[in-house]
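**Q** Please find the sequence and the predicted model below.
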Amino acid sequence: MSRPSASTSSSSRSSRSRYGKEVKELQDALNQNKIESKRDAIRKIIDAMTRGKDVSMLFPDVAKNMETSNLELKKLVYLYIINYAKIMPDLAVMAVNSFRKDARDKTNPFLRALAIRTMGCIRVKLITEYLLDPLKESIKDEDSYVRKTAAICISKLYDVSPELIEEQGLLKLLENLLNDGNAMVVANAVCALLIVQESKGTTMLQLNPFTIQKILTAMNECNEWGVIYCLDALAMYIPEDGKEAEAILERVSPRLNHNNPGVVLSACKIMMKFLDYLQNPETIRQNALKMTAPLISLLSLGKEPEIQYVALKNINLIIQKRPIIIEKDIKVFFCNFNDPIYIKLQKLEVLAKLANNDNIQQILHELKEYTQEVDVEFVRKAVRTIGRCAIKLEKAAEKCVTALWECLKTKVNYVVMESIIVIRDIFRKYPRKYEMILKDLCENLKSLEDPEAKASMIWIIGEYVDTIENADTLLANFSENFKDEPANVQHQILVAVMKLFLQRPNDGKELIHNLLKTATIECENPDLRDRAYIYWRMLSTDPELAKKIVFTERPTISDSSYTIENELLDKLIENIGNLSSVYTKKPESFVKKLRDVLNSKIADKIDDVYDQDQLMDGRPEDYSDQQGGQSNVYDNTYDTSSQIQSQIQQQQIQQVSQKIDLLELDDNQPQQQQIPQQQQQIPQQQQIPQQQQQIPPQQTQQPNQTQNVRIPFAEVLSVNTPGAQSQIQGLSVEAAFQKNGDKIVLDLKITNKTQDKTFSDFGIKFNKNPFKLQPDAIEIQCQPVFPGQTQVTQSYINTNGPVSEEPPQMPYKIQVAFKTNLDVFYFFIPMSLSVLFSSTASITQQKFIELSQAQNLARKQEVLQIQIDPQRMKEKLERNYFFLIGVRKDERGVELLSYAATLVNGMALLANVIHTPTAINLQLQVPHPTLMPLLYQAIGFILTLN
């Protein structure tokens, strides 16, 4: 290895010497008395700082110049201190006294505001408490410029030391600024409160009609960024009625014509939200059309492409909910030759959504022009857009197929391949309708290099083996390189050859035999091998069954795969103009700070339930909008199961007479006697009058355990939801609570949709809930779930868990933590109240009457619009432990059925039922109002589900 040359070493020493000399010169200049020398020195220091040079050794010398009366020099000094305060917090304390002095300067409001602004930018917790007193004075300053600066400063200091800011009452002072007479002060107060609200996770900006009027008034006078803050605050408000919503829209709509695109998009956000509160269709249409011109103006040629891209992403969301807004203005979305590729692709996406039977000819003409471009990605997208239009518009499908046929004629490789992929989807949508292009498709087999295009072509051949005469030859050619093909191509070859054999046995016999042998012996792909084994077994046992399975009717495809789910769409529209609408993701999914805030909101609840020795550290996502209120279900005293059982036993020993008048229809009903269990053999006619029969408890408490209503699975964890550590996605979970005899069971369907990860070691725990539900065991007995596989398992549930103080809400959901070997996932599982009906506790007729006359019961009349046989209704209710207590008729002959159920926590639920041919009338009585919709839903499930 050669040694460094003497010249290199000498150059390095001279460079260090020169830099040291420069620092000494700057120190000398800072210590001079001339303002010009100091100012020039500070400028050189800041220039070096911005270029990445370390000039922190000059901090003491720079800090000495804070006492200057020259405002320009002071600004430069403050800028230097802001940059190095975090690195040198101990030296930053030296500047505290100067800040406090400048913030209290009575002569110059700009100097006071400069000091306050700098205080907010110095994120050093050590000196925050020294700045609070001048900040309190500034927020009440007589100058509005100082007050608006102080408002923003509070939000910045809250991020550094939230506890200290709350203790000193600065948040209350910030709220008072909403009543300030200056528009910019109000706008900055709104901005600061929104920032604090985002950090704190609780509502800080209390919106009411008075506050809304203040914000609307301030919006007329503040600058464009203040307008955006005000509009963001208005978007969080829920109007009391349609009239108020219309009045707010009238005040906001002028902002649609603003020059700032951010203001336009924020105004569109409010328009989209408040249109949902209007009732008159004509008013909705008029207000919606107000957004047309402003949105189109964002796409004008003079706008930067980045602004156009953001506008297109937001327009894409808007037209999914209200396509009327830009339904007729499609030419603005035609691509220009100099548009960046990301703009072109977004315009094609919008064109596909705006396509209808009136404008399809114009759109197709434009798309055919695009297929002749040189950009491969753009051409592929254009061809795919033609296919989407064909699937979306059945009447225009033939025109779209003709356009694709013209694309095939071009013989351009990538155009042909994309056309074949698209035509496959069209054949699925419209089977046996456009067979005239099969010949042209078969002429392009040699140009298929893309695996997806090859798989699509093989699928088409297999689907039309009875039409394509040389299908056996074509499939034989594809099968020659079967082992070297990608997995999707191999699957399609196997299925197509199977179809060939089932349709044309003589032509496909040898081919299917060789292919099945290769797939079962020589292929390593387990999915392909399993499919081959299944085919082989079906062909050897029941070829007709194989034909039914292979040629079974497939679900039709639609263009809905390109649309966003309604729940996510509403969330994205709430974030129009933000990154969320560009990424098409919820903010908390990519902003760590928001996710941490949302997780911390229920961290205290989770800590009570989840043992960190057994579950990984993690926090659930925020589901605060699904939580109940703060009232306690258990405020009133109700009989428990044991109390009810003891009363039943006592009544079986003593004969108690009780008058029954369930709906107060008749005051002259005969008395009813409770018969001891020992006397059950007495004929029923001797015990009960003819029009009033009591059902003995022992006859209804043992229904067939296999006939409880089956609650359908619900997706509780989607593949796009990350785990607590935000590293793993791709796990899908469907779940349903079921009643199985006297047991509560949680059915789980676990699907692994990752490419290379295996989930195992499953465990589950519940958050505390009103009915004390918890799993019998944390561990779930389930095999590992490999990529692409699904496992179904069960977990038995008991009622010995911790109790929640919150009443159950509609819809009732149990919050769970789901552990795997890779991460912990948090989600909610819906539950029907019918699952909680006790199979052992019954209510006597006397107890029913006592409860129905109680003053603390909530009562409500409901109607179930279903048609069901009366006997079938009785059987279904009793099989699900909703026991029949009594039957009676009023003077008009209308039969009244009295039912009761007992929840697992001992609460009694009562229902008087009148059956009619077209509906079921219910009078529900429950111990707490929040149980009312849950009971109504449970009865509906019992009577409508199998």
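**A** Arrived safely.
**Q** where does this protein dip in pLDDT?
**A** 1-20, 301-302, 559-562, 597-707, 841, 855, 890-892, 946 (pLDDT under 70).
**Q** At the geometric centre of it, which residue do we find?
**A** With distances taken as CA atoms, centre = their mean, the chain has residue 568 as the residue nearest its mean C-alpha position (5.2 Å).
**Q** contacting residues for it?
**A** Neighbour list for residue 568: 584, 586 [criterion: CB atoms under 8 Å, 6 or more residues apart in numbering]. The way it works is simple: take the backbone N, C-alpha and C, and place the C-beta from them, glycine included.
**Q** And what about it, helix, strand or coil?
**A** Per DSSP: H, G, I helix; E, B strand; the rest coil, the secondary structure class of residue 568 is helix.
**Q** how close does it get to residue 595?
**A** 16 Å (CB to CB, to the nearest Å).
**Q** same check, this time on residue 793
**A** 30 Å.
**Q** okay, the two: which has more neighbours?
**A** Using other CB atoms under 10 Å, the more surrounded residue of residue 793 and residue 595 is residue 595, with 19 against 15.
**Q** Mind jotting down where the helices sit in the stretch 801-946 of the chain?
**A** Applying DSSP state H, counting those that start in this stretch to the stretch 801-946 of the chain gives helices spanning 845-852, 870-879, 931-944.
**Q** what about the first one, distance to the chain center?
**A** Its chain's C-alpha centre lies 45 Å from the corresponding centre of helix 845-852 when counted by CA atoms, centre = their mean, to the nearest Å.
**Q** CA atoms only: put that helix into PDB for me.
**A** The C-alpha trace of helix 845-852 is given here as PDB (Å, rounded to 0.1, in the frame of the first residue of the first chain):
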ATOM      1  CA  GLN A 845     -95.300 -15.900  34.300                       C
ATOM      2  CA  GLN A 846     -95.400 -14.200  37.600                       C
ATOM      3  CA  LYS A 847     -91.900 -12.900  37.300                       C
ATOM      4  CA  PHE A 848     -92.700 -11.700  33.700                       C
ATOM      5  CA  ILE A 849     -95.600  -9.600  35.000                       C
ATOM      6  CA  GLU A 850     -93.500  -8.100  37.800                       C
ATOM      7  CA  LEU A 851     -90.800  -7.100  35.500                       C
ATOM      8  CA  SER A 852     -93.200  -5.700  32.800                       C
END
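**Q** on contacts alone, who are the packing partners of it?
**A** Secondary-structure packing of helix 845-852 (3 or more CB pairs under 8 Å, 6 or more residues apart in numbering; DSSP states H and E): helix 641-653, strand 657-658, strand 883-889, strand 895-902, strand 908-915.
**Q** Walk me through which strands the fourth one pairs with, and which way each runs.
**A** When pairs are called by DSSP bridges, strand 895-902 turns out to pair with strand 883-889 (antiparallel), strand 908-915 (antiparallel).
**Q** What residues of that strand count as buried?
**A** Residues of strand 895-902 classed as buried by neighbour count (16 or more other CB atoms under 10 Å): 896, 897, 898, 899, 900, 901, 902.
**Q** Would you agree the fifth one is in contact with residue 912?
**A** Put plainly, it is residue 900. No. Using CB atoms under 8 Å as the test, residue 900 is too far from residue 912 to be in contact (10.0 Å).
**Q** sorry, back to before: the strands paired with strand 895-902: which one's closest to residue 877?
**A** Closest to residue 877 of these, according to CB to CB: strand 883-889, at 7.3 Å.
**Q** May I see the buried residues of the closest one?
**A** Neighbour-count burial for strand 883-889 flags 883, 884, 885, 886, 887, 888 (criterion: 16+ other CB under 10 Å).
**Q** same deal with stretch 413-420?
**A** Residues of stretch 413-420 classed as buried: 414, 415, 416, 417, 418, 419, 420 (neighbour count, 16+ other CB under 10 Å).
**Q** Make sure the third one is actually in contact with residue 410.
**A** Yes. Under the criterion of CB under 8 Å, residue 416 makes contact with residue 410 at 7.3 Å.
**Q** just the buried residues of stretch 413-420 now: which is nearest residue 368?
**A** Nearest to residue 368 out of these is residue 415 (CB to CB; 10.8 Å).
**Q** does the closest one sit in a helix or strand, and which one?
**A** Per DSSP states H and E: residue 415 is located in helix 413-429.
**Q** If you count contacts, what does that helix end up packed against?
**A** Applying 3+ CB pairs under 8 Å, 6+ apart, we find helix 413-429 packed against helix 376-392, helix 397-409, helix 451-463.
**Q** what's the angle between that helix and helix 376-392?
**A** For helix 413-429 against helix 376-392, the angle by axes from the mean of the first three to the mean of the last three CA atoms, to 10 degrees is 20 degrees.
**Q** Okay, residue 941 and residue 393: tell me how far apart.
**A** From residue 941 over to residue 393 the distance is 39 Å, taken as CB to CB.
**Q** got it, and residue 835?
**A** Taking CB to CB, one finds residue 835 at 45 Å from residue 393.
**Q** quick one, which of the two is more surrounded?
**A** Comparing residue 835 with residue 393 by other CB under 10 Å, the one with more neighbours is residue 835, at 25 against 16.
**Q** surely the more buried one meets residue 741?
**A** No. Here residue 835 lies out of contact with residue 741, judged by CB under 8 Å, at a distance of 12.0 Å.
**Q** Distance of residue 416 relative to residue 47?
**A** With distances taken as CB to CB, residue 416 is found 59 Å from residue 47.
**Q** With residue 499 instead?
**A** 75 Å.
**Q** Between these two, tell me which one has more neighbours.
**A** Taking other CB under 10 Å, residue 499 and residue 47 do not tie; residue 499 has more neighbours (24 against 11).
**Q** Helix or strand for that one, just tell me which one.
**A** Using DSSP H and E, residue 499 sits within helix 487-503.
**Q** What helices and strands are in contact with that helix?
**A** On a contact count with 3+ CB pairs under 8 Å, 6+ apart, helix 487-503 meets helix 451-463, helix 471-479, helix 505-521, helix 526-541, helix 543-550.
**Q** Nearest to residue 343, out of these?
**A** The minimum distance between residue 343 and those falls on helix 451-463, with 25.8 Å, by CB to CB.
**Q** Give me the contact list for that closest one.
**A** By CB under 8 Å, 6+ apart, the residues outside helix 451-463 that reach it are 416-418, 420-421, 423-424, 427, 431, 438, 441-442, 445, 448, 468, 471, 474-475, 478, 485-486, 488-489, 491-493, 495-500.
**Q** how far is that helix from where the chain is centred?
**A** Chain-centre distance of helix 451-463: 36 Å, with CA atoms, centre = their mean.
**Q** elements contacting the helix or strand containing residue 164?
**A** Using DSSP H and E, residue 164 maps to helix 162-167. In terms of contacts (3+ CB pairs under 8 Å, 6+ apart), helix 162-167 is packed against helix 144-160.
**Q** residues making contact with the helix it packs on?
**A** By CB under 8 Å, 6+ apart, helix 144-160 touches 109-110, 112-113, 116-117, 119-121, 123-125, 128, 131, 135, 138-141, 165, 170-171, 173-174, 177, 180, 182, 184-185, 187-189, 191-193, 195-196, 199-200.
**Q** Sweet, I'm off.
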